[in-house]
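S.K.: have a look; sequence and predicted model below, questions after that.
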Amino acid sequence: MSTRRPIGKRLRRLLEREADGTQEAPASPPERPGKDDRQRRLGELRAEIERISALKGRRGSGVEPVEPEDWARGDEPWSEPPASLPGELVRTEHGEAWIRDKHYESGMIHGTALISNGLALTAGSASLLALDDSMSSFEMSGATFLDIETTGLSMGTGTVAFLVGLGWYEGNDFHVRQLFVDRLENEPAVLHALLECVRERPHLVTFNGKTFDVPVLRARLALNRLSARLERAGHLDLLHVARRLYKKRIGDCSLDSCERSVLGFNREGDIPGEMIPEIFVEYLRTGRPGQMHDVFHHNLLDVVSMAALAGRMADLLERREPHEDLDDLVSLARVRLRHGDDEDAEQIFTQASSSTSSEHRIESGLELAIMARRRGEHEVQRRLLETILEDDPDHAGAHLMLAKLYEHGLRLLDKALEHAHLAEEEEGYEASTHRIERLERRIEKRNALGIVQGPPPGDDPGREVRTRTAGRPPPGRRPRRG
């Protein structure tokens, strides 16, 4: 295809514009700013730098806080934390730290629980609840309760623990100290204050601290070049304990759920946790207190609730509550069983097995049957499982245990096959089919060999007796020659 035609068209179009006088003049380059404009802009920048430098020089010079009307204008940064925040700015050898202290005297109640009852959580109790024998040196009088508020839920290096709540017992009283990072440059002073408290009371008590609080603080300590091991004397995470003791009854074991269902405490007007990072960022940006007071209160309740919850757990362990929930007791028995306290666990299961609730009777009966199986008490196990089937004839778990007991313990294959047919729901189709086919083969082989199932006089009622048919040897075996 020739290229002359389009070029010709373009030339004709240009000639027509020139003849009409409508040809556009080439665009002129933008006008460069004059010398006066540059000098004016430089003067503005120098004035801004001098103003910011003067404000920085006012730090620590006893300058009064910026008044609210100045915050409302928003035309200059703030210099001091507003007086409406709880606590005070304290100068330390490591810098400035905003500290708030609150004291709870002995006898004060949080919900329906005594705060001072947390002292009843002994070393043995902590070791049992944590399922950790290394907690055998735990002392509540030397423990620090820890809870933090952060700029996010990520545990990366960008997450700052801007509010650290600490609690400890002083005699029978409970004391809470909150360390606030009012400016990011004051974070080292807050971390040093935290380490000082933990050094004095090295046992750590948290709620989900193993997963969140301690890893976040460990990262902040590393970024500030501070080397310290927060968990050097042991760490009791109450979230794991709450799941072991209360999950059966309350399901969700968040601190808020434990407060309502275990402590009888309802937070009214509390700020949602997901709003806290945004509130702190807004505080840093504007200097206005905003809802920071609510954040302090939220953190304070977290620390106090942990102390009260530890006391309620100690009450359950020592069986001091007059109206204990059977769900909690059964859960406690399981914890004791995992810890190796079989005698105490069996006592609780026996109590629950005589409950008016069929659910508790069945659940406790299964646990007692398992304990009897471990001791080799086949007849005791059989009676317990048969009792469960009286409550629930279709209980697949009990049928499965009986199938195993009759096959391997009492050696009554017909009874084992009978229960195996009813255990498929518990065991699964493939495993159940395999068990049934195996039992059928064994029964067929037994019948072919002429083995009669049944207890001989004075012998174990579960043993099979092999008898020979008179006048002929068992099938598959040649008679001996004389």
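M.R.: Okay, I see it.
S.K.: C-alpha only now, for contacts and for neighbours.
M.R.: Noted.
S.K.: run through who's touching stretch 197-208.
M.R.: Contacting residues not belonging to stretch 197-208 are listed as 138-147, 213, 230-240, 255, 306 [C-alpha atoms under 8 Å, 6 or more residues apart in numbering].
S.K.: can you check stretch 92-104 too?
M.R.: The contact list for stretch 92-104, computed with C-alpha under 8 Å, 6+ apart, reads 86-91, 173-182, 186-190, 192.
S.K.: quick one: buried residues of it?
M.R.: Buried residues in stretch 92-104, defined by neighbour count with 16 or more other C-alpha atoms under 10 Å: E96, A97, W98, I99, R100, D101, Y104.
S.K.: L131: which of those is nearest?
M.R.: Using C-alpha to C-alpha, Y104 comes nearest to L131 of these, at 30.5 Å.
S.K.: circling back to that earlier point, now, the contacts of stretch 92-104 that are in strands?
M.R.: E88, L89, V90, R91, D173, F174, H175, V176, R177, Q178, L179, F180 (DSSP state E).
S.K.: any of the residues you listed buried? List them.
M.R.: E88, L89, D173, F174, H175, V176, R177, Q178, L179, F180.
S.K.: returning to that earlier point: can you pick out the most distant pair from the buried residues of stretch 92-104?
M.R.: Checking the buried residues of stretch 92-104 with C-alpha to C-alpha, the most distant pair is E96 and Y104, at 26.1 Å.
S.K.: and Q381, how far is that from E367?
M.R.: Remark: distance between Q381 and E367 (C-alpha to C-alpha, to the nearest Å) = 10 Å.
S.K.: do D325 as well
M.R.: For D325, the distance to E367 - C-alpha to C-alpha - is 18 Å.
S.K.: which one's more surrounded, the two?
M.R.: Set D325 next to E367 and count neighbours by other C-alpha atoms under 10 Å: E367 wins out with 21 against 12.
S.K.: my guess is the more buried one contacts Q347, does it?
M.R.: No - assessed by C-alpha atoms under 8 Å, E367 is found out of contact with Q347, at 11.4 Å.
S.K.: now do the helices in the stretch 251-400 of the chain.
M.R.: Here the stretch 251-400 of the chain has its helices, by DSSP state H, counting those that start in this stretch, at 255-258, 276-286, 292-317, 326-339, 342-353, 358-374, 378-391, 396-404.
S.K.: which of the ones you listed sits most buried?
M.R.: Comparing the helices of the stretch 251-400 of the chain by mean neighbour count (mean count of other C-alpha atoms under 10 Å), helix 396-404 comes out on top with a mean of 23.
S.K.: run through who's touching that helix.
M.R.: The contact list for helix 396-404, computed with C-alpha under 8 Å, 6+ apart, reads 366, 382, 385-386, 388-389, 415-420, 422-427.
S.K.: which is the next helix or strand following it?
M.R.: Per DSSP states H and E, helix 396-404 leads on to helix 413-420 as the next helix or strand towards the C-terminus.
S.K.: other SSEs contacting that following helix?
M.R.: On a contact count with 3 or more C-alpha pairs under 8 Å, 6 or more residues apart in numbering; DSSP states H and E, helix 413-420 meets helix 396-404, helix 429-449.
S.K.: nearest to V262, out of those helices?
M.R.: The minimum distance between V262 and the helices and strands packed on helix 413-420 falls on helix 396-404, with 31.1 Å, by C-alpha to C-alpha.
S.K.: in the protein, where is pLDDT below threshold?
M.R.: 1-36, 47-83, 320-323, 452-482 (pLDDT under 70).
S.K.: mind giving me the domain ranges of it?
M.R.: Here the domain parsing of the chain from automatic domain parsing is 88-317, 325-392, 394-474.
S.K.: make JSON lines out of these and add distance to R41.
M.R.: Listed next are these as JSON lines, based on distance: least, C-alpha to C-alpha, whole Å:
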{"stretch": "domain 88-317", "distance to R41": "26"}
{"stretch": "domain 325-392", "distance to R41": "73"}
{"stretch": "domain 394-474", "distance to R41": "80"}
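S.K.: hang on, the earlier thing: can you tell me which of the contacts of stretch 197-208 are in helices?
M.R.: L238, L239, H240, L255, M306 (DSSP state H).
S.K.: can you tell me which of the contacts of stretch 197-208 are buried?
M.R.: 138-147, 213, 230, 233-240, 255, 306.
S.K.: quick one: H339 and A333, what's the gap?
M.R.: 10 Å.
S.K.: can you give me phi and psi for N224?
M.R.: Backbone torsions for N224, taken as degrees, to the nearest 10, come to phi -90, psi 10.
S.K.: again, but for L166
M.R.: Per degrees, to the nearest 10, the backbone of L166 is at phi -120, psi 140.
S.K.: what residues does it make contact with?
M.R.: For L166, the contact set (C-alpha under 8 Å, 6+ apart) comprises T144, F145, L146, D147, V176, R177, Q178, V303.
S.K.: A352 contacts R361, doesn't it?
M.R.: Yes - contact criterion C-alpha under 8 Å: A352 and R361 qualify, at 6.2 Å.
S.K.: got any residues that touch both of those two?
M.R.: With C-alpha under 8 Å, 6+ apart, A352 and R361 have no common neighbours.
S.K.: tell me how far the ends of stretch 222-237 are from each other?
M.R.: Using C-alpha to C-alpha, the span of stretch 222-237 from its first residue to its last is 23 Å.
S.K.: quick one: distance of that stretch to the chain centre.
M.R.: Averaging C-alpha positions (C-alpha atoms, centre = their mean, to the nearest Å) puts stretch 222-237 19 Å from its chain's average.
S.K.: other residues contacting that stretch?
M.R.: Residues from elsewhere that reach stretch 222-237 (C-alpha under 8 Å, 6+ apart): 126, 130, 134-135, 138, 157, 188, 195, 198, 202-210, 214, 218, 221.
S.K.: from L309, how far off is the most centrally placed residue in the chain?
M.R.: Centroid-nearest residue in the chain: N208, 4.3 Å away (criterion: C-alpha atoms, centre = their mean). Between N208 and L309 the computed distance is 14 Å (C-alpha to C-alpha).
S.K.: and what of G158?
M.R.: Taking C-alpha to C-alpha as the measure, G158 falls 32 Å from L309.
S.K.: likewise V380?
M.R.: 39 Å.
S.K.: could you do F349 as well?
M.R.: For F349 relative to L309 (C-alpha to C-alpha), the value is 24 Å.
S.K.: what about the strands in the stretch 101-250 of the chain?
M.R.: 109-110, 113-114, 143-150, 161-170, 173-180, 203-206, 235-237 (DSSP state E, counting those that start in this stretch).
S.K.: in a markdown table: the ones you listed, plus distance to A403.
M.R.: As requested, these are arranged in a markdown table below (distance: least, C-alpha to C-alpha, whole Å):
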| stretch | distance to A403 |
| --- | --- |
| strand 109-110 | 51 |
| strand 113-114 | 47 |
| strand 143-150 | 50 |
| strand 161-170 | 54 |
| strand 173-180 | 56 |
| strand 203-206 | 45 |
| strand 235-237 | 41 |
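S.K.: which stretch among those strands comes nearest I443?
M.R.: That would be strand 235-237 among the strands of the stretch 101-250 of the chain, by C-alpha to C-alpha, at 53.3 Å.
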